[in-house]
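> Starting from these lines, generate the structure:
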Amino acid sequence: MRILIALSLLLLSWSTTISALQQLHFETAHMEEDYEYLIHTVRCAVCVNQPIAESQTTVASDLRREIAKRLQAGETRQVIEQALVQRYGEAIFYTPPKTLATAGLWGGPVILLLIGVFCVRKVIR
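All right, here's what the predicted structure looks like:
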């Protein structure tokens, strides 16, 4: 009996989430693409390594709603990204921006690879 109740609640929560997502209507396909891109690249502020597209927290739900509302108001993806960075910081995105401050993140792996190749060549000789 408990399992049946738990399954019913789970199905109810899924149907509510699905119906909320189906109610989003965008004027253009480009707006819908921007929405999908943003909800899959924005990190949930509460969850650990989960995009807001997959998260069921109220924070993620609010962010999805805010992104949809901003897109429907005519804001571009870049404007929305800037607003999210101002509010939550650069860690809100999975991919950090390519700036001087994050040069180590982007260039570090290449430098380490070159050092590794140099060491291997030196050992082989």
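> Please report how far residue 41 lies from residue 94.
For residue 41, the distance to residue 94 equals 6 Å [CB to CB, to the nearest Å]. All C-beta spots, glycine's among them, are computed from the backbone N, C-alpha and C.
> which residues are in contact with both of those two?
Residues touching both residue 41 and residue 94 (CB atoms under 8 Å, 6 or more residues apart in numbering) are residue 51.
> neighbour count winner among these two?
Applying other CB atoms under 10 Å to residue 41 and residue 94 shows that residue 41 carries more neighbours, namely 16 against 11.
> got a list of what the more buried one touches?
Residue 41 sits next to 51, 93, 94, 95 when contact means CB under 8 Å, 6+ apart.
> Please apply the same query to residue 27.
Neighbour list for residue 27: residue 72 [criterion: CB under 8 Å, 6+ apart].
> mind checking which helix or strand it is in?
Under the criterion DSSP states H and E, no helix or strand holds residue 27.
> separation between it and residue 64?
Relative to residue 64, and taking CB to CB, residue 27 is found at 18 Å.
> try residue 41
13 Å.
> now swap in residue 32 and tell me
Counting by CB to CB - residue 32 and residue 64 are separated by 13 Å.
> Ok, residue 91 next?
For residue 91, the distance to residue 64 - CB to CB - is 18 Å.
> between the two, who's got more neighbours?
Using other CB under 10 Å as the criterion, residue 91 and residue 64 rank with residue 64 on top: 21 against 10.
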